[in-house]
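**Q** Pasting a predicted model and its sequence here:
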Amino acid sequence: MLRTFFLSLLLMIVVNPASAKNDVLIFKDQNKLCIASNSLPDHEIGKFPNRANPHSIREHLVEFCMPIDPVKNKVPKFVKGTIGIAINGIQFRPNTAGFYDPRAKSGHSRDGDKRWSLDIFGAKNKLGLDQSNGHIGPNGLYHYHGIAKSLVINSGNSLIGYAGDGFEIHYLGNKVTSGYELKSGIRPSGPGGKYDGLFNEDYIHNAAEGTLDVCNGGELGGKFVYFVTNSYPFVGRCLWGDISSNFGVNRH
């Protein structure tokens, strides 16, 4: 009943696209923590469309629910799409749909070599990322690939969101460091050339480096959380817990 009321309220608020603005509701539903959002940010965004990103922003009414008491498994799972949601209702989607493709003008495409996946921060023009490390997908969804300063300011502490498995997402700037580093040498296939950070496969996780694990996770105040970092992978690409079945329900 409570969830239905909140969703109905959200739908009424954003019924007029001309006056639409950020609307987000965070509430508990039994053993889940839920975030309902219209996917519009609470801060200014870059100019879209632009030369590197031809898409226009539009509303997406979504609901994300995560377990209140997440459980960490022994083996992490790679996540292709949305890995978490910020406290302002904007999704974290760190991966791209670009792969090495020598036939494409840009050198990458959706139909390229799946062994070499493009990292947005290594790409020329960063696929139109704005000042908040966000941009717009083909479906009009604005989403983050890194930290947005407004999240830190509006949060009032280091908590900036929640991952799909229920663990918190924090940002502590340079107080925590990623364990990833560039590989040395030359790529053995695909684009060839020196490992320079253009592709995710250019990096390797070194447990001896940094303070975070392979999923950008670590300890904070005696509990396990994920971090957004200032260096690769910026937003982690895997989760240690199980993702809820209702993590990401489109209400359109």
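**A** The structure has been received and is ready for your questions.
**Q** Name the spans of this protein whose pLDDT lies under the cut-off.
**A** Along the chain, segments meeting pLDDT under 70 span 1-19, 249-252.
**Q** List the residues that contact the residue positioned nearest the centre of it.
**A** Of all residues in the chain, the one closest to the mean position by C-alpha atoms, centre = their mean is residue 92, 1.9 Å from it. Contacts for residue 92 (C-beta atoms under 8 Å, 6 or more residues apart in numbering) come out as 82, 83, 84, 85, 86, 143, 144, 145, 161, 169, 228, 235. All C-beta spots, glycine's among them, are computed from the backbone N, C-alpha and C.
**Q** Ok, residue 33 next?
**A** The contact partners of residue 33, by C-beta under 8 Å, 6+ apart, come to 26, 27, 65, 66, 67, 68, 162, 166.
**Q** now with 6 Å?
**A** For residue 33, the contacting residues are 66, 68, by C-beta atoms under 6 Å, 6 or more residues apart in numbering.
**Q** Within the helices and strands, which one has it?
**A** If you go by DSSP states H and E, residue 33 is part of strand 32-37.
**Q** same check, this time on residue 25
**A** strand 24-29.
**Q** what pairs with that strand, and is each one parallel or antiparallel?
**A** strand 32-37 (antiparallel) (DSSP bridges).
**Q** Quick one: distance of the partner strand to the chain centre.
**A** Put simply, strand 32-37 sits 16 Å off its chain's centre (C-alpha atoms, centre = their mean, to the nearest Å).
**Q** What strand or helix carries residue 115?
**A** Short version: residue 115 belongs to strand 113-117, going by DSSP H and E.
**Q** In that strand, which residues are buried?
**A** 113, 116, 117 (16 or more other C-beta atoms under 10 Å).
**Q** Next, the residue nearest to the centre of the chain: phi, psi?
**A** Torsion angles at residue 92 (phi, psi; degrees, to the nearest 10) stand at phi -100, psi 120.
**Q** Could you check how far the closest residue in space to it that isn't next to it in sequence is from residue 165?
**A** If the residues on either side of it in the chain are set aside, residue 92 comes closest to residue 84, at 4.4 Å by C-beta to C-beta, 6 or more residues apart in numbering. Distance of residue 84 to residue 165, given as C-beta to C-beta, to the nearest Å: 9 Å.
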